[in-house]
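1. Requesting a structural model of the entry that follows:
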Amino acid sequence: MVKKNILVLCTGNSCRSQMAHGYLEHFARNNAHIYSAGVETHGVNPMAIAIMKEDGIDISHHTSNHVVEYMHIPFDLVITVCDNANEKCPVFPSAAKKFHHNFPDPAKCIGTEEEILQEFRRIREMIKEYCNSFVKENI
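-> So this is what the prediction gives:
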């Protein structure tokens with residue numbers, strides 16, 4: 001079986017795309033090559049790392065990458081996880097099938113530390129469910 005190349009694209013490659021990257025790797029096991037990038041780079045959000053660790057997924061080794069770093073990779077599937085990235089997504093020189101789901105940005109949540117943590121967890125669960133379904137349907 002040929003492994004599919006999957007790119008998860010977001011604005012800053014900080015939270016949503018990093019969480020999706022972790023879950024896609026988890027659910028796809030070794031049946032796909034997963035990459036994540038942003039149309040900008042903001043560094044991996046420490047809160048994203050922490051809440052993923054709560055669910056047994058280690059993304060602490062991930063880096064925040066710019067989409068142009070991956071232009072040479074023949075992607076089969078491209079998932080945009082925010083409207084901004086969907087609008088600014090470059091054209092890839094491949095026949096990549098595109099998917100889009102706009103998740104709220106947990107990094108923009110305001111409130112107490114506990115309220116922000118709960119919002120990260122809520123969005124994590126949305127991304128987890130999406131990624132589990134995505135792998136079942138496309139891998």
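
2. can you pull out the strands in the protein?
-> 4-10, 32-38, 77-80, 97-100 (DSSP state E).

3. Reformat these into a markdown table and put mean neighbour count and distance to Leu117 next to each item.
-> Quick note: C-beta positions are derived from backbone N, CA and C, even for glycine. Conversion of the strands of the chain to a markdown table gives the following (neighbours: other CB atoms under 10 Å; distance: least, CB to CB, whole Å):
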| stretch | mean neighbour count | distance to Leu117 |
| --- | --- | --- |
| strand 4-10 | 25 | 20 |
| strand 32-38 | 22 | 22 |
| strand 77-80 | 24 | 25 |
| strand 97-100 | 15 | 27 |
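
4. Helices along the protein, start to end?
-> Taking DSSP state H, the helices of the chain run over residues 16-28, 46-54, 83-88, 113-138.

5. most tightly surrounded among the ones you listed?
-> helix 16-28 (a mean of 26; mean count of other CB atoms under 10 Å).

6. what packs against that one?
-> strand 4-10, strand 32-38, helix 46-54, helix 113-138 (3 or more CB pairs under 8 Å, 6 or more residues apart in numbering; DSSP states H and E).

7. and those as JSON lines, adding distance to Ser64 and mean pLDDT?
-> Formatted as JSON lines, the helices and strands packed on helix 16-28 follow (distance: least, CB to CB, whole Å; pLDDT from 0 to 100):
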{"stretch": "strand 4-10", "distance to Ser64": "10", "mean pLDDT": "94"}
{"stretch": "strand 32-38", "distance to Ser64": "7", "mean pLDDT": "96"}
{"stretch": "helix 46-54", "distance to Ser64": "11", "mean pLDDT": "97"}
{"stretch": "helix 113-138", "distance to Ser64": "17", "mean pLDDT": "97"}
